[in-house]
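S.K.: Sequence unavailable; structure follows:
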C-alpha cells in the first residue's frame, strides 16, 4: 500500500497550467479592455469633434440664413419704422434658438430696434452692445465667438442700405444635442464593450477549464507509469526482493525503470558484500565474533536435540603487543594473517587424523584473539591434544621483513554443556581460563574451573578499590635501606608501596601492581608514589642526610603517560631535590617492553637531575646496546642471582653484571642480601651497595628516620 | 255671400299662412367685414345660432355667418338681399346705411362702454397744446379703416378748418402750412412714434389709452392729451331693408332682452359684448356726416 499523494504532479501541472492560462487570459483581457476603452473613447471623442464641426458649420449657415431672411422681410417695417412689425419679425429669431442680442441699426450705428417690445434703445448708439470684433465700417459679417455666432446683414429698401440686422445666436442647444448624442454613443460603446468583455471572459473561462482538465488527464496518463514505478519501489522496500522494475518502454520513463533496475541489482550485490563483511574478519577472512556467536547458538540449538557436547577454545597470542610496538601495525597484521594460516593448517591436520571426524569452527574475535568451536570430539583427552597442537604450531618463529618473532599462545578451554549453555558464558569462561594461563606465566592451556572466577573477581576488586584507596589513605610507603657494603652505612633507601586494604588487610605490590599495569590505573598510582616519595625525601630524609638517595619504582607502562613524565621534573623543581638524590627504578622487563616511549621520558628525567636505574637486572633480555643508549645510571642485581650465588653459574652472572656495570660506568646495588656470606661475596666482587633483610626489612618512615638519626649520632660519636 | 266671404277669407288666410311660412322658413344671415375670417367666424357663430333659436317662431331655422373682405362687398351683398343682419363699427355702418339702406337696430356695448371717443396726445415736454399747434407738424393715425384713429381726428381737423396733408411714410417731408398726417398701422406704433419723437402727435381710442397693454403707465406719464373727441357709439347692429319687419323687430327685442348676467357667455364671445341699448336720436345725423366726409376724402 502506497501512501496517499498530498499533491500529485498531475494536479500540480493542471494548476500551473491553469495559472499560466489565467495569467495570459488576464493579460489578453487587460489589453483588450484597454484598447476597447481607448477605441471607445477615441471614437466617441472623434464623433463629438466631427459632429461639433458639422453642427457648428450648420449652425453658422442657419444663423446666416435666418438673419438674411429676417433682414429681407423686415425692410418695409424698418423703412416705415414699424416697430411692432420689426418686433414681430425679430421674435422669429428667438424661435430659432438662444439669441444673445438682435439689433437693427442704421449706418450711423443708431439703434432702430433692439428686440424689446418698446424698442427702448431706439436712437442710441449700438456700439456698446456689439462685440469689439464686429466691424465698425457698416459691412456685413459672420463671426464665431465663444458659444455664439454673430451675424450682421444689410437691410435694403429701394436699393439703399437703410440698416443692418446684427444678431448673436448661441448654439448651446446644439451643443447640448451633441453632448447627448456623444453620451448616447459612449453608453452604446460601453454596452458593446461590456458585451465583448463578458464574452471574452466566458470564452477564456471555458477554455481555461477545458485546457486545465485536458492537462490534468494528460498528466495522469503520462504519470501513471511513474506511479507504477513508485509502487514497485515501495514493494521492494517492503521486502519483495523479486521485484523487477523493467517497464518495456522506449521513453524516458522506460530509462528510469532501467536505471532503477540497475540500482536494484547493485544494491543486491552490495548487500551480499555487506552481509559478508558483517560476518567476516576482513584481515584473516575468518568468521568474526558475530558469526562465531551465531555458530555457537546454532550448535546449541542443534545439540539440544542430539545431546552432543562441544568445546570453546580461546587462543590468545602472548606478547603480540610487543610486535606491534616494535615493527608497526602493518607487519603486526601480517603476523596475525600468518597465525590464522597456521591455525587453519593445524586444524586441517587434526581433522584428517581421526575417524570420527571432529568439526572445527575457527574465528577471530579481534586483536590477537582467536576462538575455536570444537564439536563431535571423542573425549577431554582429545581436547588436550588439540590444545597442545595449537601451542606447538606457534613454536616456529614468525619471519617478516627480516624480523623474527618467537611467539607463544595462551589457551583456555571450556565445555558445553558441562560449564555453560549459552554463547556469552562459554566465551567468557574460555576467556577466563585463557587469562588464568596468562596470569601464571603464559604459554600453556587450561580447562575452565569455577575457581578461576574467584581470581577474576579478585582482579576486578583491585581495579575497583584502588581509586578509593588513593584518596582515603589506605596506601603508604615503607623504606628499605640501601647500605654501603664497605662501611655498612645507609646510603639511601628504596620506597616500596603498601596497601592496607579494609577487607584484605595489608597487600604487597605484587598482588595488585601487575593488574593495574594492564589498565590506565597505573598512572594515578605512579603519581601518588612519586609525590609521596619526593615529599618524604624533602621533608624527612634530606634534612637528616643531605646526600640521601631515594629509589622509587616506576612502571614502564606509566612512562607512556604525559602527566607522569612531567610530574618527575615538576617534583624535582618544586622540592629542590639535589642532583642524583632521586633514583627512578624501572624493571628490565618493563623497560624493554616500553622501549619506544621510555627513551624520551627517561632522558627528560635524567636532564631534570634524577638518576635512572634498571631494576631486577638479568631477569629479562635486554640488549647491551640499549644500556649504552639509554640514560641509565645504575643496575640493581635481581635477588634471584644473589640467592643462587652458591651455584658457580649464578655467581659468574653476578660477577659479569658487576663487571659490565663497571665497564659502562654504572653503579650497582645488589638486592635480596640475607646472609653475611652474600654480603662478603658481593663486597669482594666490587658491588658498592646492597639491600636486603640482612640489613633491614622495609620499615615505615618514622622507624626509618629513627634508624637514620641513630646512625648519624653513632657516626658523630665515632668521629 | 257671407259663407262665400268666409270661405274666401279662410282660403286667403291659409294661403297667406302657407306663403308666410314658406317665405320665413329660412336661416338668418349675420355678416361682418373681416380681415381675419377664422377668428371672426368663431366670434359671431354662437350669437347667430342663439338668436336663430330665439327667432324660431318667425320661421328662422338657423343662424348663418357671412364675412366680407371690405365694406363695399358687404354693401353689395346687402343690396342683393344675401345678408340679414350686420354687426359693425360706425364707419362701415355709415356706408351700409347710405348705400344699402340698412337700418340701425341697436347699439352694441363693448368693455362696458356703449360709446367711445378718441384722444389726441403729444409728449408732455412738447410745446403743443391745441390742435392749431399741429400746423406744420405731423400726427399719426392708425389706419384708414379706423373710425377712432382716422375718421374722428381728421374730421376734427376739418371741422376746425385746418388743412390736412397725407404723408406717404414716416420719412416723407412735412409740409409747413398744413397738419401732416400718416398711418402708424397700429396703436402700438402710434404710441412708440410719439414717444420717440418720430411724430409730434398720435391718436388712439380712449379704450386703448386706458389699456395697460397698449399704453403703459410710464408712457402715459410721458404724454399729455391735448384733445378729446365727442362720444360715438362703439358699434351697431343693423338689419337689411329686405328683412321682414316683424323678424327685424323680433331680433331687436331678442338683443335688447339679452342680459349680461343670464347670457354672459354668448355675449362675451360676441366680440366681448357687454350689452345692447337703443340707438340715440342723433345717430342718423352722425352716420350721414361720417359718410359725407368719407366721400369727400376719397379712398385712402
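M.R.: Perfect, I can see it now. Please read these numbers as outputs of a predicted model, since none were measured by experiment. Numbers count the residues shown, from 1 in each chain, chains lettered A, B, ... in the order given.
S.K.: which residues in chain B form strands?
M.R.: Along chain B, counting by DSSP state E, strands occupy B:26-33, B:60-68, B:85-88, B:103-110, B:115-116, B:118-123, B:138-141, B:164-166, B:179-183, B:201-205, B:223-228, B:232-233, B:235-239, B:273-277.
S.K.: can you count the residues close to residue A:159?
M.R.: By other Cβ atoms under 10 Å in any protein chain shown, 5 other residues sit near residue A:159. Where C-beta positions appear, they are placed from N, C-alpha and C, glycine not excepted.
S.K.: Can you read off the pLDDT for it?
M.R.: For residue A:159, the model assigns a pLDDT of 87.
S.K.: how far away is it from residue A:600?
M.R.: 151 Å (Cβ to Cβ, to the nearest Å).
S.K.: ok, now residue A:531?
M.R.: To residue A:600, residue A:531 is 22 Å away according to Cβ to Cβ.
S.K.: Up against chain A, what does the stretch 151-300 of chain B have?
M.R.: Contacts of the stretch 151-300 of chain B with chain A, taken as Cβ under 8 Å from any Cβ of the partner chain, map to B:169-171, B:184-186, B:188-189, B:192-193, B:195-196, B:198, B:216.
S.K.: which of those residues has the most neighbours?
M.R.: residue B:184 (30 neighbours).
S.K.: Assess the claim that that residue and residue B:190 are in contact.
M.R.: Yes. Using Cβ atoms under 8 Å, residue B:184 makes contact with residue B:190 at a distance of 4.0 Å.
S.K.: Mind listing the shared neighbours of those two?
M.R.: Residues touching both residue B:184 and residue B:190 (Cβ atoms under 8 Å, 6 or more residues apart in numbering or on different chains) are B:140, B:141, B:142, B:202.
S.K.: Assign the closest residue to residue A:632 other than its chain neighbours to helix, strand or coil.
M.R.: Closest residue in space to residue A:632, ignoring its immediate chain neighbours: residue A:612 at 5.2 Å, by Cβ to Cβ, 6 or more residues apart in numbering or on different chains. Of the three states, residue A:612 takes strand under DSSP: H, G, I helix; E, B strand; the rest coil.
S.K.: Any chance you could list what contacts stretch A:348-368?
M.R.: Contacts of stretch A:348-368 (Cβ under 8 Å, 6+ apart): A:281, A:283-284, A:286-289, A:291-292, A:295, A:316-317, A:320-321, A:336, A:339-340, A:343-344, A:347, A:370-378, A:382, A:385-386, A:389.
S.K.: For residue 288, which residues are in contact?
M.R.: All of this is about chain A. By Cβ under 8 Å, 6+ apart, the neighbours of residue A:288 are A:278, A:279, A:280, A:281, A:363, A:364, A:365, A:366.
S.K.: right idea, wrong chain: chain B
M.R.: Applying Cβ under 8 Å, 6+ apart, the residues contacting residue B:288 are B:94, B:98.
S.K.: how about the residue of chain B found nearest chain A, what does it touch?
M.R.: Proximity of chain B to chain A (Cβ to the nearest Cβ) peaks at residue B:188, 4.3 Å away. By Cβ under 8 Å, 6+ apart, residue B:188 lies in contact with A:83, A:84, B:214.
S.K.: so can I have CSV of those showing neighbour count and pLDDT?
M.R.: Putting the contacts of residue B:188 into CSV (neighbours: other Cβ atoms under 10 Å in any protein chain shown; pLDDT from 0 to 100) gives the following:
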residue, neighbour count, pLDDT
A:83, 29, 93
A:84, 19, 91
B:214, 17, 89
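S.K.: Remind me which helix or strand the residue in the stretch 151-300 of chain A that chain B sits nearest to belongs to.
M.R.: The stretch 151-300 of chain A approaches chain B most closely through residue A:162 (9.3 Å), counting by Cβ to the nearest Cβ. In this structure, residue A:162 sits in strand A:160-170 according to DSSP states H and E.
S.K.: and that strand, what does it pack onto?
M.R.: helix A:9-73, helix A:75-79, helix A:83-96, strand A:99-105, strand A:148-157 (3 or more Cβ pairs under 8 Å, 6 or more residues apart in numbering or on different chains; DSSP states H and E).
S.K.: Which among those is found nearest to residue B:119?
M.R.: Taking Cβ to Cβ, helix A:83-96 is the member of the helices and strands packed on strand A:160-170 nearest to residue B:119, at 19.5 Å.
S.K.: With chain B in mind, check whether the closest one reaches it.
M.R.: Yes. Remark: helix A:83-96 sits within contact range of chain B at A:83, A:84, A:85, by Cβ under 8 Å from any Cβ.
S.K.: tell me the angle that helix makes with strand A:99-105.
M.R.: Counting by axes from the mean of the first three to the mean of the last three Cα atoms, to 10 degrees, helix A:83-96 lies at 150 degrees to strand A:99-105.
S.K.: Which other helices and strands does helix A:83-96 contact?
M.R.: Counting by 3+ Cβ pairs under 8 Å, 6+ apart, helix A:83-96 packs on helix A:9-73, helix A:75-79, strand A:99-105, strand A:111-113, strand A:160-170, helix B:187-195.
S.K.: So the first one, near chain B or not?
M.R.: No. Helix A:9-73 lies apart from chain B when judged by Cβ under 8 Å from any Cβ; the minimum separation is 15.4 Å.
S.K.: So which residues on the stretch 201-350 of chain A come close to chain B?
M.R.: So the stretch 201-350 of chain A never meets chain B (Cβ under 8 Å from any Cβ).
S.K.: where exactly do the helices run in the stretch 201-350 of chain A?
M.R.: With helices called from DSSP state H, counting those that start in this stretch, the stretch 201-350 of chain A shows them at A:252-279, A:289-306, A:320-327, A:329-353.
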